[in-house]
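Chemist: This is the structure alone, sequence omitted:
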């Protein structure tokens, strides 16, 4: 109950609930614009966002009180409010006065809702900027009016364009520090336009602002009578976002989940990436290519007649077709492609350099596959836009490369469809995201080379030999005894009339792999080739024995993935480094210690021991004969 001196006003729970419902309904119907602020260090990105939150009245009284206290204690604006502190939340950010992590903030106006990402300006945090830009519809590129266009301005503009951000705002900030000089604004705008045209940005909106003073943020400022608008908020409220364009494209929906709550219902849940779908529409399931029609469009609030891009729905289909997570439901007469070899642009985001030939997890929409990346065709210098020769990509490096996946994936070029063209690469051992990528097109050979089916299969070949094929993968340090034990195993199998073949690490380097050295990338390619040969031999029904150092778990796992489950038998010849070095039959350790042999495993190149091998041999506790007998017992037992 609320009282005034004249008339008592009674506020009931029903009225409060009605007001809340009306408020929520009003916000629900507003469109949402995601945008990022980016630019060089100290261009005022965090201050601008703080000002937007302040002017849109999205700061509570206790937050404002804390901001005023923090501004006096650690702020950079004297006794005035330092708006940057609203988003620079990390202690390291406040101490240095910079942004390190990506900070997301929500605010709203009468016309539109916004999610803004404050991205770091330092070059070593460019990967954080890519994270923020990956979901943005618009980029606000800030430039310090005193400094003009800088290297990081160019870098972030290039990345924003590369990631498909259609709308660019050039915010020339800190105009108060140059006396609101129109000539300064015009000179910076002209310089930026010249660079933007080189990278393909044909249109942008330039606005002179002061994030600290609030000029041209929510309304046009008297300090810039020569600028006729729009103010920043006005432009953000009225810019056309991509939802309408996405709705006009062909229908695609990556399947996130097969919804099967009971025996009588089977639906396929996901978010429409592009297009529209109605009940009765003919659709195609990819990559299988099966066709059917849509029976129902199910949501929590009831069935829909039509769903559009951006909506999350469950589709039921007229026929019992095979469809699971990772598949894509698309319009039947205009489906996307499926391929397993591509050209793509990569932005490398890991501290460790990219290793050509190594297998990574590739995640695109709801699809997850194993992918192998080749050495870059070229690296892009974002400052000069030159194409540079490169053997790998380092942290924050951007390059164009080719990659292949272990099975076809459904895709569209990133320029046409962000959802089916954008992907990330994940390290298989650490599960860390190491790169973001954009697919350009499938390679022609991916469409022209097809698997030729044959009438005699691997089971028939194995039956002819009366044995089960297997790959005994011996791994261990140089001098551990791999070749000795492997040779004994093959001799014993031969006496038992088993059909086998021994691939020895030194022997294959005389022919198949004679072009490879001992760098990390060459070691990976060495194992990939041997794995492919071993796979062909097991297809022939043989028991294949390999003796390779194979120092990296990722590559041993890659070979394991080439074979049917249970056929790959990892045999870890577990010999301590000191013992292997003491044996040193070939004198290699001595050369490595003297610096005459580079990239030698155990000395200046790592060995990643198996964590759960099928067989572990301790050569300090058993003889080679005993080890060979144990391996054969495990294999045939």
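Modeler: Structure received. Please read these numbers as outputs of a predicted model, since none were measured by experiment.
Chemist: hey, which helix or strand in this structure has the poorest pLDDT?
Modeler: helix 91-96 (a mean of 41; mean pLDDT, DSSP states H and E).
Chemist: Specify the next element, helix or strand, located C-terminal of it.
Modeler: Sequence order places strand 103-108 as the next helix or strand after helix 91-96, per DSSP states H and E.
Chemist: Mind giving me the packing neighbours of that following strand?
Modeler: Applying 3 or more Cβ pairs under 8 Å, 6 or more residues apart in numbering; DSSP states H and E, we find strand 103-108 packed against helix 45-55, strand 112-118. The way it works is simple: take the backbone N, C-alpha and C, and place the C-beta from them, glycine included.
Chemist: what's the angle from it to helix 45-55?
Modeler: For strand 103-108 against helix 45-55, the angle by axes from the mean of the first three to the mean of the last three Cα atoms, to 10 degrees is 30 degrees.
Chemist: where in the stretch 101-250 of the chain is pLDDT low?
Modeler: Within the stretch 101-250 of the chain, the set of residues satisfying pLDDT under 70 comprises 101, 121-125, 242-243.
Chemist: ranges for the helices of it?
Modeler: Counting by DSSP state H, counting those that start in this stretch, the stretch 101-250 of the chain has these helices, from start to end: 126-133, 151-162, 182-199, 232-238, 243-247.
Chemist: which parts of stretch 353-369 are buried?
Modeler: For stretch 353-369, the neighbour count (16 or more other Cβ atoms under 10 Å) marks 353-367, 369 as buried.
Chemist: picking that back up, between the helices of the stretch 101-250 of the chain, which gets nearest to residue 565?
Modeler: For the helices of the stretch 101-250 of the chain, the distance to residue 565 is smallest for helix 126-133, at 36.0 Å, taking Cβ to Cβ.
Chemist: which residues touch the closest one?
Modeler: Residues outside helix 126-133 that contact it (Cβ atoms under 8 Å, 6 or more residues apart in numbering): 36, 38, 100-102, 104, 117-120, 139, 155-156, 159-160, 163, 165, 347, 349, 395-396, 436.
Chemist: swap in stretch 263-272?
Modeler: 251-260, 296, 298, 307-317, 323, 329, 366.
Chemist: for this structure, which spans come out with low pLDDT?
Modeler: For the chain, residues meeting the criterion pLDDT under 70 lie at 1-28, 56-101, 121-125, 242-243, 445-451.
Chemist: Now do the SS call for the residue nearest to the spatial centre of it.
Modeler: Centroid-nearest residue in the chain, with Cα atoms, centre = their mean: residue 424, separated by 1.8 Å. Assigned with DSSP: H, G, I helix; E, B strand; the rest coil, residue 424 falls in the strand class.
Chemist: And what about the nearest residue to residue 469 once chain neighbours are set aside, helix, strand or coil?
Modeler: Using Cβ to Cβ, 6 or more residues apart in numbering and skipping the chain neighbours, the partner closest in space to residue 469 is residue 538 (4.1 Å). Secondary structure state of residue 538, per three-state DSSP, is helix.
Chemist: If you count neighbours, what's buried in stretch 515-533?
Modeler: Within stretch 515-533, the residues that count as buried by 16+ other Cβ under 10 Å are 516, 520-528, 530-531, 533.
Chemist: Rebuild the residues you listed as a markdown table, extending it with distance to residue 579 and secondary structure.
Modeler: Output for the buried residues of stretch 515-533, formatted as a markdown table (distance: Cβ to Cβ, whole Å; DSSP: H, G, I helix; E, B strand; the rest coil):
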| residue | distance to residue 579 | secondary structure |
| --- | --- | --- |
| 516 | 28 | coil |
| 520 | 25 | helix |
| 521 | 29 | helix |
| 522 | 27 | helix |
| 523 | 23 | helix |
| 524 | 27 | helix |
| 525 | 30 | helix |
| 526 | 25 | helix |
| 527 | 24 | helix |
| 528 | 30 | helix |
| 530 | 26 | helix |
| 531 | 28 | helix |
| 533 | 31 | helix |
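Chemist: how about those residues, which pair is most distant?
Modeler: Of all pairs in those, the most separated under Cβ to Cβ is 520 and 533 at 21.1 Å.
Chemist: and the angle from the longest strand along the chain to helix 151-162?
Modeler: In the chain, taking DSSP state E as the definition, the longest strand is strand 398-411. Taking the same axes, to 10 degrees, one finds strand 398-411 and helix 151-162 inclined to each other by 20 degrees.
Chemist: Check which helices and strands whichever helix or strand comes after strand 398-411 sits against.
Modeler: Counting by DSSP H and E, the next helix or strand C-terminal to strand 398-411 is helix 418-421. Where contact means 3+ Cβ pairs under 8 Å, 6+ apart, helix 418-421 is packed against strand 252-254, strand 398-411.
Chemist: strand partners of the last one, parallel vs antiparallel please.
Modeler: Looking at strand 398-411 with DSSP bridges, its partner strands are strand 337-348 (antiparallel), strand 367-373 (antiparallel), strand 378-380 (antiparallel).
Chemist: which parts of that strand are buried?
Modeler: Residues of strand 398-411 classed as buried: 398-405, 408-411 (neighbour count, 16+ other Cβ under 10 Å).
Chemist: which of those sit farthest apart?
Modeler: Greatest spatial distance in those: 398 and 408, 26.6 Å, computed using Cβ to Cβ.
Chemist: picking up where we left off before, now the helices and strands packed on helix 418-421 as a markdown table including distance to residue 559?
Modeler: Output for the helices and strands packed on helix 418-421, formatted as a markdown table (distance: least, Cβ to Cβ, whole Å):
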| stretch | distance to residue 559 |
| --- | --- |
| strand 252-254 | 30 |
| strand 398-411 | 12 |
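Chemist: Looking at the ones you listed, which is nearest to residue 505?
Modeler: Closest to residue 505 of the helices and strands packed on helix 418-421 is strand 398-411 (Cβ to Cβ; 24.5 Å).
Chemist: Wasn't residue 506 part of a helix?
Modeler: Yes. Counting by three-state DSSP, residue 506 is part of a helix.
Chemist: picking up where we left off before, in JSON lines, list the helices and strands packed on strand 103-108 along with distance to residue 420 and mean neighbour count.
Modeler: Formatted as JSON lines, these follow (distance: least, Cβ to Cβ, whole Å; neighbours: other Cβ atoms under 10 Å):
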{"stretch": "helix 45-55", "distance to residue 420": "31", "mean neighbour count": "25"}
{"stretch": "strand 112-118", "distance to residue 420": "23", "mean neighbour count": "21"}
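Chemist: domain ranges for the protein?
Modeler: Per automatic domain parsing, the structural domains of the chain span 13-242, 249-331, 337-446, 458-636.
Chemist: if we compare the helices and strands packed on helix 418-421, which one ends up closest to residue 444?
Modeler: Nearest to residue 444 among the helices and strands packed on helix 418-421 is strand 398-411; the distance by Cβ to Cβ comes to 11.7 Å.
Chemist: quick one: that closest one to chain centroid distance?
Modeler: Centroid separation between strand 398-411 and its chain, computed with Cα atoms, centre = their mean, to the nearest Å, is 12 Å.
Chemist: Kindly give a single ChimeraX line that selects the buried subset of the contacts of helix 126-133.
Modeler: Selecting the buried subset of those in ChimeraX, with 16+ other Cβ under 10 Å as the burial test, is done by:
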select :36,38,100,101,102,117,118,119,120,139,155,156,159,160,163,165,347,349,395,396,436
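Chemist: what bridges to the nearest residue to residue 52 once chain neighbours are set aside?
Modeler: Leaving aside its sequence neighbours, residue 52 sits nearest to residue 107 (Cβ to Cβ, 6+ apart; 6.0 Å). Residue 107 has these beta-bridge partners by DSSP bridges: residue 114.
Chemist: okay but residue 107 is in contact with residue 114, surely?
Modeler: Yes. With contact defined as Cβ atoms under 8 Å, residue 107 reaches residue 114; the gap is 5.4 Å.
Chemist: Residue 39 against residue 147, yeah?
Modeler: No. Counting by Cβ under 8 Å, residue 39 stays clear of residue 147, with 10.1 Å between them.
Chemist: Noted, bye for now.
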